[in-house]
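[1] next one to model:
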Amino acid sequence: MTMSETNKQSSLIPMAIVATLFFILGFATWLNGSLMPFLQQVLQLSPFQASLIIFSFYIAVTFTAIPSAMIIRKVGYKNGMALGMATMMVAGLLFIPAAKTQVFALFLFAQLVMGAGQTLLQTAVNPYVVRIGPEESAAARVSVMGILNKGAGVVAPIVFTALILSDFKGFVGKELSQADIDAMANGLILPYLGMALFIGILGFAVTKMPLPELIDDADEQQPGQVKKALAHPSLALGIVALFVYVAVEVIAGDTIGSFALSLGVEQYSVMTSYTMGCMVLGYFLGILLIPRVLSQQAALTISALLGCVLTLAIVTGSNESVVISTLLGLKSVLPDTLLLIAVLGFANAIVWPAVWPLALSGLGKLTSVGSGLLVMGIAGGAFGPLFWGLASGGVKSAEAQQMAYIVMLPCYLFILFYAVKGHKMKSWK
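    Residues are numbered from 1 along each chain as shown. Okay, the predicted model is just below:
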C-alpha cells in the first residue's frame, strides 16, 4: 500500500464521522420548518409569535459563537463536538416538559439551547472538513458536506410528519378541542426523546472514535485586525450580503409550512422538503457549472435576479392557481404561490458559496479574521422570519402572510448590488 493510499484510508473514518455530524446539523436545523407551523396550530400562535420559534434558534449563534470558540480552544475539537451534541441532547429533552405543559416560553428556551448546541458543534466540526484531507480537494469536501446538510432538510420534515402528524389527519382548519391539542402536543414527546438519546449516544461515541485532534496555529489574533478587515468594503458588504441571504434562506425554508397551513394545505409539515429539494438541485448545478460555465460573480447575479422575480411573483400571484402542480403532475395539487416559495431554494443555493470567496478576496493575512466575521452572517436567520411575521401584521390570513414575503425583495436587491458592484469595491471613498 502506497503512502497516499494509507493517508486516504486514515482519513476515511474521520470523514465519515464528520459527514454524519453534518447530516445531524442539517436535520436539527431544518426540522424547524415543520415545528414552526405545528406549534402555530397547537398553541394557536400568530405568524409573529410563530416566527419567534425560529428567532430563538438562530439568535443563539449571535450570543454563543465567541464562547464556543473559547470552549474549543480549552477542551479541543473532539471534546467540543461531544459537548455540542450533549447540549443538543439536553435541548431535545427540554421539549418533553414543554409539550406536557404547552408553555410557549419553554419551547422557545428549548430552541435557544438547541441553537447553542448547534453553534458549538458547528464551530468544532467545520475545520475538520478543510484540514482532515488534502488541501487541493477541500472545496469538493465542503460541497459534499453542504449537500448532506441540505439533504437532511429534505428528510427531516418527512420524518417529522411520519412520526408526529400521521395520526392527526384532518385537523387543518378544524377548531381543536383541548383533547386534540393535548394529543398533538404529546405526540412530540417520544420522537424528541428518541432524537435526544440518539444524539447523546453518538456524542459519547465520538469521544471514543479515531478522530485526530486538530492543532491550531500558535499565532494569536493581533489587536486591531477586525478594524483592518472591515476597512475592506468587499468584506464588510459581504457580511451584510450573507446576513440578508441567510434571512431569505430561512424565510423560504421555515415559513413555507406556516403559509401552507394558512392556505389549508393538509401536508403543511413537509413543505420545507420541497424548498430543500430545490436547494440540493441548485447545489449540484453549482458544482457542475462553476467555474466551468459560469463565474462566481455571474452565478450570484443570476441567483439575485431570480430571487427578485420569484418574490414579486409570490406576492402578486393567485393562491387559487395550481398551474405548476398540474404541469409537474404532482399527486397533491398545491397553489402556485406555495411552490414558487419552494423554488426560492434553487435561487438561494449558490449565494453562500459565491459570496464567501468574493468577500475574502485580497484579504491576505486577514483572511482568518474575515472568515470569522462572515460566519456572523448566520444571525440573519433569526431576523428573516421575524420581519416576515411583523410584515404579516400578526394575523393568520393567507393574504397577509403572502404579502409579507415582500420583505425578501430588498434582501435580494442588496445581494444583486454586491454581485454587480459591492464585491469590487476596494475602498469606501
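[2] every contact and neighbour count from this point should use C-alpha atoms.
    Fine.
[3] which residues sit against stretch 268-288?
    30, 33-35, 37-38, 143, 146-147, 150-151, 153-158, 160-161, 252-254, 256-258, 260-261, 339, 341-350 (Cα atoms under 8 Å, 6 or more residues apart in numbering).
[4] select only the buried ones of those in ChimeraX?
    In ChimeraX, this line selects whichever of these come out buried by 16 or more other Cα atoms under 10 Å:
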select :30,33,34,35,37,38,143,146,147,150,151,153,154,155,156,157,158,160,161,252,253,254,256,257,258,260,261,339,341,342,343,344,345,346,347,348,349,350
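[5] helices - which of the contacts of stretch 268-288 land there?
    30, 33-35, 37-38, 143, 146-147, 150-151, 153-158, 160, 252-254, 256-258, 260-261, 339, 341-348 (DSSP state H).
[6] for residue 182, see how far away the nearest residue to residue 347 once chain neighbours are set aside is.
    Excluding the flanking residues, the one nearest residue 347 by Cα to Cα, 6 or more residues apart in numbering is residue 303, at 4.8 Å. From residue 303 across to residue 182, the span is 43 Å (Cα to Cα, to the nearest Å).
[7] these two: who's more crowded?
    Using other Cα atoms under 10 Å, the more surrounded residue of residue 303 and residue 182 is residue 303, with 23 against 16.
[8] correct me, but that one touches residue 344?
    No - contact criterion Cα atoms under 8 Å: residue 303 and residue 344 do not qualify, at 9.2 Å.
[9] against which helices or strands is whatever helix or strand residue 373 lives in packed?
    Using DSSP states H and E, the element containing residue 373 is helix 367-375. Helix 367-375 sits against helix 225-230, helix 233-254, helix 351-360, with contacts defined as 3 or more Cα pairs under 8 Å, 6 or more residues apart in numbering; DSSP states H and E.
[10] helix or strand right after the host helix or strand of residue 53?
    If you go by DSSP H and E, residue 53 is part of helix 47-75. Next in sequence after helix 47-75, counting helices and strands by DSSP H and E, comes helix 77-101.
[11] so what's residue 362 up against?
    Residue 362 sits next to no residue when contact means Cα under 8 Å, 6+ apart.
[12] okay, it: pLDDT?
    The per-residue pLDDT reported for residue 362 equals 83.
[13] before we move on, what about residue 318?
    Looking at residue 318, the pLDDT reads 91.
[14] repeat for residue 124
    At residue 124, the pLDDT value in this model is 84.
[15] does it touch residue 74 like I think?
    No - contact criterion Cα under 8 Å: residue 124 and residue 74 do not qualify, at 11.8 Å.
[16] compare the two (neighbour count), which wins?
    More neighbours surround residue 124 than the other of residue 124 and residue 74, with 25 against 11 (other Cα under 10 Å).
[17] ok, and the closest non-adjacent residue to that one?
    Distance criterion Cα to Cα, 6+ apart; nearest residue to residue 124, sequence neighbours excluded, is residue 77 at 5.1 Å.
[18] count of residues packed around the one you found?
    The local packing of residue 77 (other Cα under 10 Å) involves 26 other residues.
[19] quick check, pLDDT for it.
    So, for residue 77, pLDDT stands at 84.
[20] against residue 212, how distant is it?
    The value you get for residue 77 to residue 212, if Cα to Cα is used, is 9 Å.
[21] go on, residue 200?
    21 Å.
[22] look at those two and report which has more neighbours.
    Legend: neighbour count by other Cα under 10 Å for residue 200 and residue 212, higher for residue 200 (22 against 13).
[23] tell me what the helix holding residue 53 is packed against?
    Using 3+ Cα pairs under 8 Å, 6+ apart, helix 47-75 is in contact with helix 32-42, helix 77-101, helix 104-131, helix 380-391.
[24] list the contacts of the closest residue to residue 110 other than its chain neighbours.
    Nearest in space to residue 110, with sequence neighbours left out and distances taken as Cα to Cα, 6+ apart, is residue 91 at 5.0 Å. Neighbour list for residue 91: 110, 111, 113, 114, 196 [criterion: Cα under 8 Å, 6+ apart].
[25] so how far is stretch 39-58 off the chain centroid?
    Its chain's average C-alpha position is 17 Å from that of stretch 39-58, according to Cα atoms, centre = their mean, to the nearest Å.
[26] so for that stretch, what gets flagged as buried?
    Within stretch 39-58, the residues scored as buried using 16+ other Cα under 10 Å are 39-43, 45-58.
[27] what pLDDT does the model give the nearest residue to residue 428 once chain neighbours are set aside?
    In this structure, residue 428 finds its nearest non-sequential neighbour in residue 233, 6.3 Å apart by Cα to Cα, 6+ apart. Looking at residue 233, its pLDDT is 93.
[28] might one say that residue 233 is in contact with residue 429?
    No - using Cα under 8 Å, residue 233 is not in contact with residue 429, being 9.9 Å away.
[29] who's more crowded, those two?
    Of the pair residue 233 and residue 429, residue 233 is the one with more neighbours under other Cα under 10 Å, namely 19 against 5.
[30] how close does the nearest residue to residue 97 once chain neighbours are set aside sit to residue 113?
    Spatially, and ignoring its direct neighbours in sequence, residue 97 is nearest to residue 106 (7.7 Å; Cα to Cα, 6+ apart). Separation of residue 106 from residue 113 (Cα to Cα) stands at 11 Å.
[31] higher neighbour count, those two?
    Shown here are residue 106 and residue 113; by other Cα under 10 Å, residue 113 has more neighbours (22 against 17).
[32] relative to residue 88, how far out is that one?
    Separation of residue 113 from residue 88 (Cα to Cα): 7 Å.
[33] again with residue 311
    Residue 311 is 34 Å from residue 88, by Cα to Cα.
[34] for residue 397, same thing?
    34 Å.
[35] more crowded one of the two?
    Remark: of residue 397 and residue 88, residue 88 carries more neighbours, 30 against 16, as counted by other Cα under 10 Å.
[36] fine, thanks again, bye for now.
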